[in-house]
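# Turn this into a model:
(chains A and B)
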Amino acid sequence: MTDLRVVGGDLLPPSDDRRHLLSVADLTRDDVERLLATARSFAHSQERDNKKLPTLRGRLILNVFYESSTRTSSSFELAAKRLSADTMTLKAVGSSVDKGESLKDTALTLSAYDPDVIVLRHPEIGAAQFVARATDARVVNAGDGKHQHPTQALLDLHTMREAFGRLDGLQVAIVGDITHSRVARSLVQALKLVGASAILVGPPALLPVGLAPTTSDIAAIADADVVYVLRMQQERMLAGANFVPSLREYTARWGITPERLRDGQRVMHPGPMNRGVEIDARVADSDASLVVDQVRSGLIVRMAVLYDLLTTGPVAVESAVGVA
Amino acid sequence: MLAGRTGTDNVVIRGARLLDPVEGLDATLDVRIDNGVIAQLGSELDTNEHRVVDASGLILAPAFIDPHVHLRTPGREDEETIASGTAAAAAGGYCAILAIPNTDPVIDDADVLRGLRARAAEEAQVPVGFMAAVTKGQDGEELTEMGALADAGAAGFTDDGRPVATAGVMRRALQYNAITGRMIAVHCEEQSLTRGGHAHAGLVAAELGLGGWPSLGESLMVARDLDLAGETEQPVHLMHLSARESVEHLRRALAAGIRASAEATPHHLCLTDEAVRSLDPNMKMNPPLRSEEDRVALLDAVRDGTIAAIATDHAPHSPEEKDVPFEAAPFGVIGLETSFAALYTQLVEPGVLSLETLLERMSAGPAGIFGLDRPRIAIGAPANLTLIDPNATWRVKPSALRSRSLNSWLLGQRLRGRVKLTIAAGRVVFEL
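Modelled structure (predicted):
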């Protein structure tokens, strides 16, 4: 219980000019520690019968999703509701986007409602930066093309810390299509911030150079504490690009099966999973899997992010939880 | 080859430092222009009731020539017109520009070319040389009637915006172009390597998740076109070089006696792909901004003359096209109004490029490549002059740009060195 308490002074408050969460690259280690600590406080609040906190009452949080999403959109919406904010989720399908409205006009239209936060998912790199420039709202990047998905990285760190009790020195093997993965880009930066290490494993053409050590040898996952599995993002691959000859060949070489794991290793996946392709169903359903923990972490980490953007930092966390 | 008005202005420019590196002129003197022609250089010249410009403390140099401008006319007059593009050129100190034919329609027909030249004769602030396409519709398959186009006044040939994709067509174009005496300018891009590319294939693109446009995508085509120029014994001009490897190929070709020339842009000489981290669409160009190593290689080549011309690749885009997320934005930036000041601020003032070299590469260099008369400060020469205040500091403001488009990589930046007056073909075309 006491280890879940956030004490002012332990952690630095956010700097005044940080108004958005666009990229893990914008975060310091202090920011990450503060957000994770705030998330743990909220985990506590979620164990009660009344899970709602009054903290963001009267605030407006708009979720704008130009790409399909199950986990991210539902958890942002629920996070906003649990903090008593007003919230709406707009999907590109069925909105004026269908009628050819540009991102700029959609952003300007929505900003007429004076939202405190716009949560944006968009297929194009730079979309979150664009909306941050075009509006006065605080912007949370919920995924911009292949670039960034910072709340995913934060929830992954939270999941790892809960599972292992530490982050420092943890070894994470990220396996699969790294090139097209905003999850991998965000996670590699986040792991570096907290003193953990990453190795990237996958087909040669899907391993970008310079982010972290890479190998195409699946045996390299043996040293990892966490095997982080990614799907092949075929919707982001150009036709005829020939990254791998076939999914069958991918599965044979890089699919995560029980035989390729050793005892004590934990398996993570950002979803959606393609069972039988990048991950064997027996692994997905095993005790080694942290996939459900990731989803649970998603809610409280997103509560922490919204809270952090709209309040003054960790000192207020205790009182917020206390009021509830 | 140039279409535009000529003038008969009478002006005396008093007390400027006259700097013409090719003529070996560096002296503080007066210049008298009679009927648009330089009539006298000397001290305390008679004004002859001419207009007098007090230019003490300023530099008078041969005006600039930009061999690579997208005027967007015909087809996208919302982005640039002959009038607005040449007004921007005048404000940048240019006395002539070459317009790229990737318009709508493409300039691949002699009648369309004649029509444009007639319009330029009316509308252009500075003379324009219109280039024509190498292949019909720039589709890389069938040669244009290069002879007829040259007769109609084409200033050269290019499919810029895209490469001549197959070696066979490029070889035929070089061979046939022997009859025109014009230059073929090539946009070097091996598209099977650059498809889906939005930024230089390096660490920055890897970190941002942007599709890579590798140096090899350029240098492979540079090597091909240099070899074809060698085999056909015809000249070729390499546009907007960006990669160190391309420069190395060019050096080898020149040493082997191949008739090749090249240009570099201010943005490739001043920026690297680190600028892309901002995800500002005005940092998105084709070819892309590359590494510091590449930038230095280009600079070395400009310094030693391997790259003989500086070209802006002025590429206007409307706000609705460019004011979008980085990945959705088209390639290209404008540059006519800021090229001298940007290079003066970022290269000359820090001492990495001499002012004389910069002036030569912006004027005599491109003139020589494309067979245009070299702007010069000499008695009897038509007045093609730019007057520069090297100490002026100014900020690049969207509202002050004469271009119809605002996609400058320098918006909001403070620059040193400003064009105060431009005389093109004997006419005062710009005055601050």
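# List the buried residues for the lowest-mean-pLDDT helix or strand in chain B?
Across the helices and strands of chain B, mean confidence by mean pLDDT, DSSP states H and E is lowest for helix B:319-322: a mean of 92. Within helix B:319-322, the residues that count as buried by 16 or more other Cβ atoms under 10 Å in any protein chain shown are B:Glu321, B:Lys322. C-beta here means a position set from N, CA and C on the backbone, and glycine is covered the same way.
# And for stretch B:15-30?
Neighbour count says stretch B:15-30 has B:Gly15, B:Ala16, B:Arg17, B:Leu18, B:Leu19, B:Asp20, B:Pro21, B:Val22, B:Leu25, B:Leu29, B:Asp30 buried, by 16+ other Cβ under 10 Å.
# Show only the entries of those residues found in strands.
B:Gly15, B:Ala16, B:Arg17, B:Leu18, B:Leu19, B:Asp20, B:Leu25, B:Leu29, B:Asp30 (DSSP state E).
# so what's the last one bridging to?
In this structure, B:Asp30 has the following beta-bridge partners (DSSP bridges): B:Gly42.
# any idea how far the closest residue to B:Ala63 other than its chain neighbours lies from B:Pro62?
Counting by Cβ to Cβ, 6 or more residues apart in numbering or on different chains, B:Cys95 is the residue found nearest to B:Ala63 once chain neighbours are left out, at 3.4 Å. To B:Pro62, B:Cys95 is 8 Å away according to Cβ to Cβ, to the nearest Å.
# Which residues are in contact with each of these two?
B:Pro375, B:Asn384, B:Leu385, B:Thr386 (Cβ atoms under 8 Å, 6 or more residues apart in numbering or on different chains).
# returning to what we had before: please put the alpha-carbon coordinates of the helix or strand following the least confident helix or strand of chain B into CSV.
Using DSSP states H and E, the helix or strand that directly follows helix B:319-322 along the chain is helix B:339-343. Output of helix B:339-343 as CSV, limited to C-alpha atoms (Å, rounded to 0.1, in the frame of the first residue of the first chain):
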residue,chain,number,x,y,z
SER,B,339,18.6,32.2,-52.0
PHE,B,340,21.3,34.8,-51.8
ALA,B,341,20.6,35.8,-48.2
ALA,B,342,20.3,32.2,-47.0
LEU,B,343,23.7,31.3,-48.5
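# can you pull the buried residues of helix B:339-343?
Neighbour-count burial for helix B:339-343, with 16+ other Cβ under 10 Å as criterion, is recorded at B:Ser339, B:Phe340, B:Ala341, B:Ala342, B:Leu343.
# ok, for the residue in the stretch 251-400 of chain B that chain A sits nearest to, nearest residue in space, not its chain neighbours?
Nearest residue of the stretch 251-400 of chain B to chain A, counting by Cβ to the nearest Cβ: B:Phe326, 3.2 Å away. Closest residue to B:Phe326 apart from its sequence neighbours, by Cβ to Cβ, 6+ apart: A:Gly126 at 3.2 Å.
# Quick check: that neighbour touching B:Pro281?
Yes: under the criterion of Cβ atoms under 8 Å, A:Gly126 makes contact with B:Pro281 at 7.5 Å.
# Between those two, which contacts overlap?
With Cβ under 8 Å, 6+ apart, A:Gly126 and B:Pro281 have common neighbours B:Pro325, B:Phe326.
# between these two, who's got more neighbours?
A:Gly126 (29 against 25; other Cβ atoms under 10 Å in any protein chain shown).
# what sits against the more buried one?
A:Asp144, A:Gly145, A:His147, B:Leu279, B:Pro281, B:Pro325, B:Phe326, B:Glu327, B:Ala328.
# What number of residues are in the vicinity of the second one?
Under the neighbour criterion other Cβ under 10 Å, A:Gly145 is assigned a count of 27.
# Name the nearest residue to it, ignoring sequence neighbours.
Nearest one to A:Gly145, counting by Cβ to Cβ, 6+ apart, is A:Ile125 at 4.1 Å.
# how much space is there between B:Arg374 and B:Ala264?
Separation of B:Arg374 from B:Ala264 (Cβ to Cβ) stands at 20 Å.
# Settle it for me: which of these two has more neighbours?
A count of neighbours by other Cβ under 10 Å puts B:Ala264 above the other of B:Arg374 and B:Ala264, at 27 against 19.
# Give me the pLDDT value at that one.
Looking at B:Ala264, its pLDDT reads 98.
# quick revisit: which of the buried residues of helix B:339-343 lies closest to B:Asp78?
B:Asp78 lies nearest to B:Ser339 out of these, by Cβ to Cβ, at 23.3 Å.
# any idea of the pLDDT on the residue of the stretch 1-150 of chain B with the smallest separation from chain A?
For the stretch 1-150 of chain B, the residue closest to chain A is B:Asp78, as judged by Cβ to the nearest Cβ, at 16.0 Å. With respect to pLDDT, B:Asp78 scores 95.
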